[in-house]
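Chemist: Pasting a predicted model and its sequence here:
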Amino acid sequence: SLVTGLVVGAGALVLWSTAVVDTADEMEFDTPLSVPPLAESTVDGEGRRVFDLEVREGSHEFTAGRSTPTWGVNGDYLGPTLRASRGEEVLVNVTNDVGEPTTLHWHGMHLPARMDGGPHQMIDPGETWSPTWRIEQPAASLWYHPHLHGSTQEHVYRGVAGMFLLDDERSGQVGLPDEYGVDDFPLVVQDKKFAADGTLDTDEGMVAPSGLLGDTVAVNGTVGGYLDVTTEKVRLRLLNGSGGRFYDFGLADGGTVTMVASDGGLLPAPLEIDRVLLSPGERAEIVVEMAPGEEKVLRSHPTDLGLGAWDSRFTGAEDTFDLVQLRAAESLAPSAEIAAELAPAPDLRAEDASETRRFRLSGNNINGRRMDMDRIDEVVTVGDTEIWEVSNSNGGTPHNFHVHDVQFRVLDLEGTPPPPELSGWKDTLYIRPNTTARIVMRFEDYTDPDYPYMFHCHLLQHEDRGMMGQFVVVEEGGSAGTPPAHDH
Ligand code: C2O
Ligand code: CU
């Protein structure tokens, strides 16, 4: 269906239109799903696991026979999956080969601010940036992407994104499928829009409350992919790697799946669900059970974002996409029982908070201010537990909220305890229009008065336009220093 209309502005008449996209039941699933390779690593003399990443230009066929210029990491589009264990020290050499400055940020990672890959850690063309840190957090599906202020949406859209999987002692012992590429697969989901010549279309359109929206959804770069399943259970690590599109993941047949993890790690207990909504930047891990010879389709259903019908059109909330077909073999290798307890619930309590800060998201600002690389917005004391109260004060516009360095617990949404899928560790949370969420987090280990961490809306157009702020973590009694000079 199609909506058209007229907007009168500045003396001009502009014709606009938007179509509801529905690929359900048309998808042919004739291409094997591509699976990002595991990144190779070596161990250096100091015992650090070393990865080498090169951000570079390439070209990719989203549909057979039509090649699209893209960016990727160690490849043409998207990047390899990094994997490391809790307690390990890692070193990542990131080389910029795209001819313009970029950065690479470790989304969800607890690490020193100067290793974070935010807007201050710019990598100039031809240069290599080599952050190093110790993995000190529970097993989780994290990810990496550029974070160059003002260009994040574009760099991610071109294809610079990949997963960073963390393991810990417990994660291998709770009966979850964990053989990468066999019964455990990352699904990096991005929407795309193509110009007639096959290039990526970056036109945001007249009305774009959630940013750039594509009408084609690729999973690991494959449109209409199928995955041959050889085990009774298959684990899918879902990443919404899009800039502005939301996905309400579920099976096309309406059956249930088992959700086992959210952004920052395993849930306290496995959860039977039929849908999981992910806003840009969020992750969820699900386990799908298959019978021999069975076929199931992973679908993104129309989403309820708490917007009016009018705004829903322009955020793609009414769209349906068939993403991947799972095809079970005639005989399946047995999978383990999933343990009833997966991980301890986040140990963060409202009573322990020493401070409550308020963040009001509206327009392209937070608390009335737009991002300024030279301004530190908040100063946090290391060791403190804090409540952050985040409001979306924009009637028709969806926003979410992401905090660097920490994983948080959702205390309540509009005063109501969160649903079970939001009961584990989170680093990004959807905030429905005209609602307030309270999250609680603890700032640990790393202090630096000069290098800030970011907090922001992860709808990348909003972030690029200034819906972002900076905080530093300091020693008790400390104050903010001066952010590093930047000349771009
Ligand atoms: Cu995924 Cu500040 O970013
Ligand atoms: Cu936003």
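Modeler: Thanks, I have it. Ligands and ions are numbered 1, 2, ... in the order given.

Chemist: wait, Gly198 sits on Thr68?
Modeler: Yes. Taking Cβ atoms under 8 Å as the definition, Gly198 is a contact partner of Thr68 at 5.0 Å. Placement of C-beta: from N, CA and C, glycine included.

Chemist: more crowded one of these two?
Modeler: Thr68 (21 against 16; other Cβ atoms under 10 Å).

Chemist: quick one, domains of this protein?
Modeler: 36-169, 175-333, 350-474 (automatic domain parsing).

Chemist: Contacts (any at all) between ligand 1 and the first one?
Modeler: Yes. With Cβ under 6 Å from any ligand atom as the measure, domain 36-169 is seen reaching ligand 1 through His105, His107, His145, His147.

Chemist: How about the backbone phi and psi for the residue nearest in space to the middle of the chain?
Modeler: Nearest to the geometric centre of the chain sits Gly281, at 2.0 Å (Cα atoms, centre = their mean). For Gly281, the backbone dihedrals (degrees, to the nearest 10) come out as phi 100, psi -20.

Chemist: Please measure how far the first residue of stretch 117-136 sits from its last one.
Modeler: 17 Å (Cα to Cα, to the nearest Å).

Chemist: now do stretch 165-183
Modeler: So stretch 165-183: terminal residues 15 Å apart, Cα to Cα.

Chemist: Please apply the same query to stretch 393-410.
Modeler: Note: stretch 393-410 ends 19 Å apart using Cα to Cα.

Chemist: and it, average pLDDT?
Modeler: When pLDDT is averaged over stretch 393-410, the result is 95.

Chemist: Buried residues, it. List them.
Modeler: Residues 394, 397-410 are the ones in stretch 393-410 that count as buried (16 or more other Cβ atoms under 10 Å).

Chemist: before we move on, what about stretch 475-486?
Modeler: Buried, per 16+ other Cβ under 10 Å, within stretch 475-486: Gly478, Ala480, Pro483.

Chemist: Burial check on the nearest residue to the first one once chain neighbours are set aside, number of neighbours?
Modeler: If you skip the residues right next to it in sequence, Gly478 has Pro449 as its closest partner in space, 5.8 Å away by Cβ to Cβ, 6 or more residues apart in numbering. Counted with other Cβ under 10 Å, the burial measure for Pro449 works out to 18 neighbours.

Chemist: Check the gap between Pro449 and Thr356 for me.
Modeler: 23 Å (Cβ to Cβ, to the nearest Å).

Chemist: Out of the buried residues of stretch 475-486, which comes closest to ligand 1?
Modeler: Within those, proximity to ligand 1 (Cβ to the nearest ligand atom) peaks at Pro483, which comes in at 15.6 Å.

Chemist: Report the secondary structure state of that closest one.
Modeler: The local conformation at Pro483, judged by DSSP: H, G, I helix; E, B strand; the rest coil, is coil.

Chemist: and what of Leu267?
Modeler: strand.

Chemist: mind checking how far it is from ligand 1?
Modeler: 21 Å (Cβ to the nearest ligand atom, to the nearest Å).

Chemist: tell me the contacts of that residue?
Modeler: Met259, Val260, Ala261, Leu342, Ala343, Pro420, Glu421, Ser423, Gly424 (Cβ atoms under 8 Å, 6 or more residues apart in numbering).
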